[in-house]
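Asker: fold the following and give me the result.
(chains A and B)
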There are 2 protein chains.
Amino acid sequence: MLPIQASGLLLARMYFEKYIYEWDGQLEKTVTSGFCMRINTGAPVPNGADAVVQVEDTELVEASVDGKTEIQIRILKFPTVGQDIRPVGSDIEKGQEVLSVGQRLGPSELGLLATVGVTTVQCYSLPTVGVLSTGNELVEPNVPLTEGKIRDSNRTVLLAQLKKLGVPSVDLGIARDSPDTLLQKLSDAMDMVDIVVTTGGVSMGDKDYLKQVLLVDLKAKIHFARVLMKPGKPTTFATLEHKGKTKIVFGLPGNPVSSIVTCHLYLVPAIRKMSGCPNPLGTVIKVKVDRDLILDPRPEYHRASLTWDADDATPTAHTTGNQISSRLLSMSCASVLMMLPASSPGASHIPKGALVDALVIGPV
Amino acid sequence: MLPIQASGLLLARMYFEKYIYEWDGQLEKTVTSGFCMRINTGAPVPNGADAVVQVEDTELVEASVDGKTEIQIRILKFPTVGQDIRPVGSDIEKGQEVLSVGQRLGPSELGLLATVGVTTVQCYSLPTVGVLSTGNELVEPNVPLTEGKIRDSNRTVLLAQLKKLGVPSVDLGIARDSPDTLLQKLSDAMDMVDIVVTTGGVSMGDKDYLKQVLLVDLKAKIHFARVLMKPGKPTTFATLEHKGKTKIVFGLPGNPVSSIVTCHLYLVPAIRKMSGCPNPLGTVIKVKVDRDLILDPRPEYHRASLTWDADDATPTAHTTGNQISSRLLSMSCASVLMMLPASSPGASHIPKGALVDALVIGPV
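Answerer: Now for the predicted structure:
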């Protein structure tokens, strides 16, 4: 302990090792008025001490002849009782709930668990999602195109989206348009995954076998198969029993934009719900449209990116251009889906500058 | 080809396989007025056809005796020229730029590459980040606490944050407060990673060796080592040459909140910049504070979560409570850092309802 000129106690920063090794035994000592003890950030407060002064707020008055020991120091700013002391319980009170049921374990939440020494915790399991493209017109992206063929982009997009969300996935490949192939692919998938997502095969064409295979072969219950929305009208949702477990099938449309938009609107909330998330539907914000928008007879999910002006709290939504459901470019850079109402006789468009609701689908 | 009653052409949905196999040779045929051809979604438009009618907009008038061949159908909605035909180039025009340099390859961007058959693409490499905790007071989260020890949460938080960002990382463990240990750990790290992030060891205590080791032993250039901000005052940034390569060191403060806040403010933008991102600094939005906030003498990064009211475009920012830098609970559920100005004689607080800038650090 060192005598000091000011009353109060100097407890400057010291790491704990020094405290317990170099100053062994002093833990039992009591700091009294006129004396201080050097400590480091994070160290416990010695007995009798009631304030900490940062070393940069002191100056050395007298040291030992060899310069190694401080004998007297001056405190430059008069300390107050409790200064720079963090009372026990100031970070987390005894009995306080650190995390609540359903909370997502992000970086800070995992850090809180580390802080309280919890290295295993009971979690909702994430569903495993299988992704299957269907259609005779599809080839893999690395296969040269022949007339009438298109490259399959849907699996690339959906598998990347699932990876981004941290959801385990299985690439189920491409199924030709045949009931036998579809049945085989779906049956195999049910052994591997909790949710099967297909794209294509749900329109009204005579090669659109998915619903038939689900109903007749797999005895699935189809909960809905057409939705008044744009894009995504043919979206199909079914459940079925497989070896004692309920499996979920999302039959998403085959158009590239339709499949990723309906992924955000149906699949992502379903995964969140199955993962115990208390708010599975995603965040809806208000945005200002950057141009006149013609309304469709169906409610439309219009892709947009956002900017914030310096003097306006409302973000401006910039449409990503032509919204036809085959144009995947309209999803590029989109961070929201503007939720446009259906047109009505009195309302055929949204004027530039109007506010609309927008579902956040990516980093803003 | 089937005769139809209405003028115009019926080209309903058909998959391509049927088109080329069952109707082989008809590709050469020309559809003429009064006749139609059955096609499926995604098929090319036959010669002579100038409109597509959806099968659900037709009704069968006459079929063959065995019921397998349609002979005559009626179109219920009069078609217009070009109806339901997607002209070549309507998704992507010839010569159009699909992705621009510096654009992040998210799910839709990867899908665009798949669409155009690009399966390899030149990318910026992501830097590899090593994470090192320093301090004699630290123990691993699974080690029982003894007096004066605390569990290391910083590596858990930072490694999880890097994983969330998709950035490769290396866990460099805990370094005791000794110059030799620090030097050894840092030297070893330089062989493995592009960026070393340390936490702790950058304050003014006599065990805060990081700067000394960087300057004296590693011949690093320290660009800054104290910043007028709260939290994060001791943040240290250095570069050094190691085997012909420039390595980056972020010496972040040891307090749990300080380390993750400065990670968002310094490390994340640095990684984005090194990854070729044209806007590395992150999105700043306007938020409305939910209560009076006392300003600190330093500019403060105040953690908050957001909600949107039904009738207001401006999100309300809800402070996460006590903002002391050891209280990691203040990061839990935070999606923004409100950027509060330093207090001044004329401005000591921000009133409830006022707008402030906020940096987005997570899903809103």
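Asker: how many other residues sit next to A:Leu210?
Answerer: 28 (other CB atoms under 10 Å in any protein chain shown). Heads up, the C-betas are built off the backbone N, CA and C, glycines and all.
Asker: tell me how far it lies from A:Val202.
Answerer: 5 Å (CB to CB, to the nearest Å).
Asker: shared neighbours of those two, anything?
Answerer: Jointly contacting A:Leu210 and A:Val202 under the rule CB atoms under 8 Å, 6 or more residues apart in numbering or on different chains are A:236, A:251.
Asker: which residues of chain A score low on pLDDT?
Answerer: A:1-28, A:205-206 (pLDDT under 70).
Asker: tell me where the stretch 1-150 of chain A has strands.
Answerer: For the stretch 1-150 of chain A, the strands defined by DSSP state E, counting those that start in this stretch occupy A:2-3, A:35-36, A:58-63, A:70-75, A:129-134, A:138-139, A:150-151.
Asker: and the stretch 201-350 of chain A, by the same measure?
Answerer: Under DSSP E, counting those that start in this stretch, the stretch 201-350 of chain A gives strands at A:221-224, A:236-242, A:245-252, A:284-289, A:293-294, A:300-307, A:316-319, A:336-340, A:349-350.
Asker: out of those, nearest to B:Asn142?
Answerer: Within the strands of the stretch 201-350 of chain A, the stretch nearest B:Asn142 is strand A:245-252; the backing value is 34.1 Å (CB to CB).
Asker: okay, the angle between the closest one and strand A:129-134?
Answerer: 40 degrees (axes from the mean of the first three to the mean of the last three CA atoms, to 10 degrees).
Asker: how about strand A:245-252 and chain B, touching?
Answerer: No: using CB under 8 Å from any CB of the partner chain, strand A:245-252 stays clear of chain B, coming no nearer than 13.5 Å.
Asker: could you spell out the sheet neighbours of that strand, each with its direction?
Answerer: Strand A:245-252 sits in its sheet next to strand A:195-199 (parallel), strand A:236-242 (antiparallel), going by DSSP bridges.
Asker: what's that strand in contact with?
Answerer: Applying CB under 8 Å, 6+ apart, the contact partners of strand A:245-252 are A:127, A:154, A:186, A:190, A:193-199, A:201-202, A:210-211, A:214, A:220, A:225, A:232, A:234-241, A:258-259, A:262-263, A:266-267, A:270.
Asker: show the buried residues in those residues.
Answerer: Among the contacts of strand A:245-252, those that count as buried by neighbour count (16 or more other CB atoms under 10 Å in any protein chain shown) are A:127, A:154, A:186, A:190, A:193-199, A:201-202, A:210-211, A:214, A:220, A:225, A:232, A:234-238, A:240, A:258-259, A:262-263, A:266-267, A:270.
Asker: show me what the helix or strand harbouring A:Val170 is packed up against.
Answerer: Using DSSP states H and E, A:Val170 maps to strand A:169-175. Here strand A:169-175 touches strand A:129-134, helix A:154-165, helix A:179-192, going by 3 or more CB pairs under 8 Å, 6 or more residues apart in numbering or on different chains; DSSP states H and E.
Asker: and the first one with helix A:154-165, angle?
Answerer: Calculated by the same axes, to 10 degrees, strand A:129-134 forms an angle of 170 degrees with helix A:154-165.
Asker: so how far is strand A:129-134 off the chain centroid?
Answerer: 23 Å (CA atoms, centre = their mean, to the nearest Å).
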